[in-house]
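>>> Predicted model and sequence follow; I will ask about them next.
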Amino acid sequence: MVLFQISEPGETQLQRQHHLAVGIDLGTTNSLVATVRDGHAATLIDEQGDHHLPSVVRYLAEEKPVVGQEAKEAAYHDPLNTVASAKRLLGRGVADIEATANRLPYEFSKSECGMPYIRTAAGDISPVTVSADILKSLRLRAEADLGGELDGVVITVPAYFDDAQRQATKDAARLAGLNVLRLLNEPTAAAVAYGLDSGSEGIHVVYDFGGGTFDVSILRFSRGVFEVMSTAGDSALGGDDVDRIIAEWMMAEAGVGDDIEHGQLRRVIGEANRAKEALTTAESVTLEIERSDGSQWQGALTRAEFEALIEPLIQRTLRPCRRALRDAGLTAADIQDVVMVGGSTRIPRVRKAVGEFFGREPLVDIDPDKVVAVGAAIQADILVGNKPGDEMLLLDVIPLSLGLETMGGLVEKLVPRNTTIPVVRAQEFTTFKDGQVAMSIHVVQGERELVADCRSLARFELRGIPAMNAGAARIRVTFQVDADGLLSVSAQELTSGVESSIEIKPSYGLTDMEVEKMLADSLRYAEDDVKKRRLHEQLVDSARLIEAVEAALDVDGEGLLTNKECISIKAALQALKDIQQGEDVAAIKAAHDRLERATSDFAARRMNVHINEALSGQHLDQISD
Amino acid sequence: MESSFSQDYFELFNLPATYDLDGEALTRRYREMQGTIHPDRFVNATEKERRMSVQLTALLNEAYQVLKAPLSRAKYLLQLRGVDIDESTTSKDIAFLTEQMALRERLEEVRHSADVEHELMRLAGELQQRLTGLRQTLQCAFQDEDPAALERAHRLYDEMQFISRLNEELNEIEDALDQ
């Protein structure tokens, strides 16, 4: 007798494919990659068994960049070609770094786009390229370990990163050939790792003091939803600064001046770093440096002296804590627990100060260096579709207010800090002079009233405004911040309907064109050529679309489509599948776009059903007839 | 989708259009809807679905923010009831104007006092009390069927708006202390 197989209600007939997804913690000092295997998230090791990849890249003429430990060791004898802490330069302008540049052991060249390039034997290298090389190294590690190409990654960024810094991170991922599912804030990632581990409901603080950045986030965790209530921080404050303070103390004690050469400075900073780590357990540490005349200096640093030296830095981390509490409308008494993240939280004095501030012992159960990567891996696994039906949801916020420059160099805020993302906000402006036909729009980010005190993100021009009297034109500027925290801006003159031809020129970043060019350039040295790469990207894109459409048809095809519509979508689907066998990129792209168009109404209907379902708590089958 | 989002914010969350809102129900509904339409649920969907998801979630966030905060909820409810709110015009109510001036003076005193932090906390506490009182009075005004009550609600909203702005300025002074 033949039995009919009947699938369980709710179970799709389509056997879901397991996708390869990883979480990447792109750190200032070290980077990590993690994945979920058999329901357990863990960091991946390299061939030597190391979890951490030092975020250091060495550039030599006519050679592939060297990434990681080998580069870190080369930093002492080849400081100028070896780039460390590139994350601190991401999305920053030349002027920003000049303040600290005399302490950074590189030579910079100015570029047209306002970004600092580092002069190396392999040419001028942007911080985006350095980050891309680190990401590429992690990608190769993950692909070797998981045995296949990655379908998607979640990359973490400091919560307090501004738009330019986030965009630069995403550009780096693109250069590294990664499909970014989401940029995730580091403290939120840590909360995911902790929250899912302990399952504890309530309000949590994540104090994330890393190698180069400091963040504090306050989150409410309730029934699978992580809701960021507020975030604050300092994107230029980290363990690097602790090292620098010790190094400066050593140089002062030894009578070594600022004119110290690069290699020597690296050695002093290395010695300072060693002292910091030793003082986590030791009460005192002996230090040594060589003066430029060859003589030796030797001295001792006690734990108490060390703590006094870094007290100002610790205080600088407590101010954002106060502000985050206030923005969330809470006091320290409302906090259930405090999670410590980042290498700098190993310093005993830091733990003590944070414990005193919040009035409770901070949690250090998960390795503070790995917790961010682990949280990112959990999120990546869900986003890529390996855990259908998982209810976890992250609701994050924008860390810094977004605004526009108005008359007199003042800022008009459109999106205040700590607004939940995604967010869309619009504001109307008018012309200042009679007959004015163009308007320049300057987008800034920050909390201060004057444009000069905020970060400039981009400028663009709205042209073709019909000539009218001053104040008669109505220009609506719309800001949209997506779930990655990335901003897009559009503008329209309302009386005439003129849309701005917006080409955003980032103040401290790369335009799309520049990223394209860098991609092409990098491929010149790679084994595969540009064409092959394009085909590959298109195939990956189309495979994703095919899967999405098949899944949608499977669930809602019968309920939401007429027979005729269903046939036409299936035809477009089959056409894309057929043409995917070939190698004609343009033809595949055209078939891809046709399928997108064919499913457009279907997508809108599906959305509508989702919303109504959520609204009424009803189930799909009750609505669809 | 058009059908859902052309509704007013109260209808969107399936809640009665009152000032005295069930905050827990609002948050519960918000989270349920987020769980369905958030971009994280559409990472592998078609381009169109991804775009719609971002826009709809942004609208949902906006609606939630407006209804959640007592001040913006008051403003929204007044607008729903046909009151034209113009933030730029000043009140003609002499008593309110006098009080505004007195509070402004207090703020300046705080700014220049010997113990700024302490005075700041004290004034912030007083303003908080005022806001709580105003919210209760406003609630009564919104419940009142008398057409004149709407004008009263409008006046109370103006007062709340002023006190909230003062509160923000206090926060800015506190921020400046940290610099």
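Received, thanks. These numbers come from a predicted model, not from an experiment.

>>> How much space separates the residue nearest the centre of chain A from chain B?
Nearest residue to the geometric centre of chain A (C-alpha atoms, centre = their mean): A:V157, 3.5 Å. To chain B, A:V157 is 16 Å away according to C-beta to the nearest C-beta, to the nearest Å. The way it works is simple: take the backbone N, C-alpha and C, and place the C-beta from them, glycine included.

>>> Find me the pLDDT at that residue, would you?
Per-residue pLDDT puts A:V157 at 96.

>>> Get me the contact residues on chain B for chain A.
B:1, B:3-4, B:12, B:14, B:31-40, B:43-49, B:52-59, B:61-62, B:64-65, B:171, B:174-175, B:178 (C-beta under 8 Å from any C-beta of the partner chain).

>>> hmm, which of these are the buried ones?
Buried by 16 or more other C-beta atoms under 10 Å in any protein chain shown: B:1, B:4, B:12, B:31, B:33-40, B:43-49, B:52-59, B:61-62, B:64-65, B:174, out of the residues of chain B next to chain A.

>>> Name the helix or strand of chain A that has the lowest mean pLDDT.
Lowest mean confidence among the helices and strands of chain A (mean pLDDT, DSSP states H and E): helix A:620-623, at a mean of 33.

>>> In the stretch 501-625 of chain A, where is pLDDT below threshold?
Applying pLDDT under 70 to the stretch 501-625 of chain A flags the ranges A:501-509, A:519-530, A:614-625.

>>> can you give me the helices in it?
A:512-524, A:530-560, A:563-579, A:585-598, A:600-616, A:620-623 (DSSP state H, counting those that start in this stretch).

>>> How about chain B?
Under the criterion DSSP state H, chain B contains helices at B:2-5, B:9-12, B:23-37, B:47-68, B:70-80, B:94-111, B:116-143, B:147-178.

>>> In contact with B:E159: list those residues for me.
By C-beta atoms under 8 Å, 6 or more residues apart in numbering or on different chains, the contact set of B:E159 is B:96, B:134.

>>> mind running it again at 6 Å?
When contacts are counted by C-beta atoms under 6 Å, 6 or more residues apart in numbering or on different chains, B:E159 touches B:L134.

>>> For chain A, see how far away the residue lying closest to B:Q100 once chain neighbours are set aside is.
Take B:Q100 and drop its neighbours on the chain: the residue closest to it by C-beta to C-beta, 6 or more residues apart in numbering or on different chains is B:F162, 6.0 Å away. Taking C-beta to the nearest C-beta as the measure, B:F162 falls 19 Å from chain A.

>>> what about B:F162, how many neighbours?
Neighbours of B:F162 under the rule other C-beta atoms under 10 Å in any protein chain shown: 17.

>>> Same check on the one 10 residues further on?
Around B:E172 there are 12 other residues, counting by other C-beta under 10 Å.

>>> So which of the helices of chain B is nearest A:K276?
Nearest to A:K276 among those is helix B:147-178 (26.0 Å), distances taken as C-beta to C-beta.

>>> quick one: buried residues of the closest one?
Buried, per 16+ other C-beta under 10 Å, within helix B:147-178: B:150, B:152-154, B:156-164, B:166-167, B:170, B:173-174.

>>> Check which element follows the helix or strand hosting A:R476 along the chain.
Assigned by DSSP states H and E, A:R476 falls within strand A:475-481. Toward the C-terminal end, the helix or strand that comes next after strand A:475-481 (DSSP H and E) is strand A:487-493.

>>> A:S542 against A:A591, yeah?
No: judged on C-beta atoms under 6 Å, A:S542 makes no contact with A:A591 at a distance of 7.7 Å.

>>> Give the intersection of the neighbour lists for the two.
Shared contacts of A:S542 and A:A591 (C-beta under 6 Å, 6+ apart): A:L576.

>>> neighbour-wise, which of those two wins?
Comparing A:S542 with A:A591 by other C-beta under 10 Å, the one with more neighbours is A:A591, at 22 against 19.

>>> Spatially nearest residue to the more buried one, not counting backbone neighbours?
A:L576 (4.2 Å).

>>> Wait, the one you found touches A:L595, no?
Yes: look at A:L576 against A:L595 with C-beta under 6 Å: they come within range, at 5.0 Å.

>>> Around the residue lying closest to B:Q161 once chain neighbours are set aside, count how many other residues there are.
Distance criterion C-beta to C-beta, 6+ apart; nearest residue to B:Q161, sequence neighbours excluded, is B:L71 at 6.5 Å. For B:L71, the tally of surrounding residues (other C-beta under 10 Å) stands at 18.

>>> about what we covered before: relative to A:Q492, how far out is the residue nearest to B:Q100?
In this structure, B:F162 and A:Q492 are 34 Å apart, going by C-beta to C-beta, to the nearest Å.

>>> Next, count neighbours for A:S109.
Counted with other C-beta under 10 Å, A:S109 comes out at 12.
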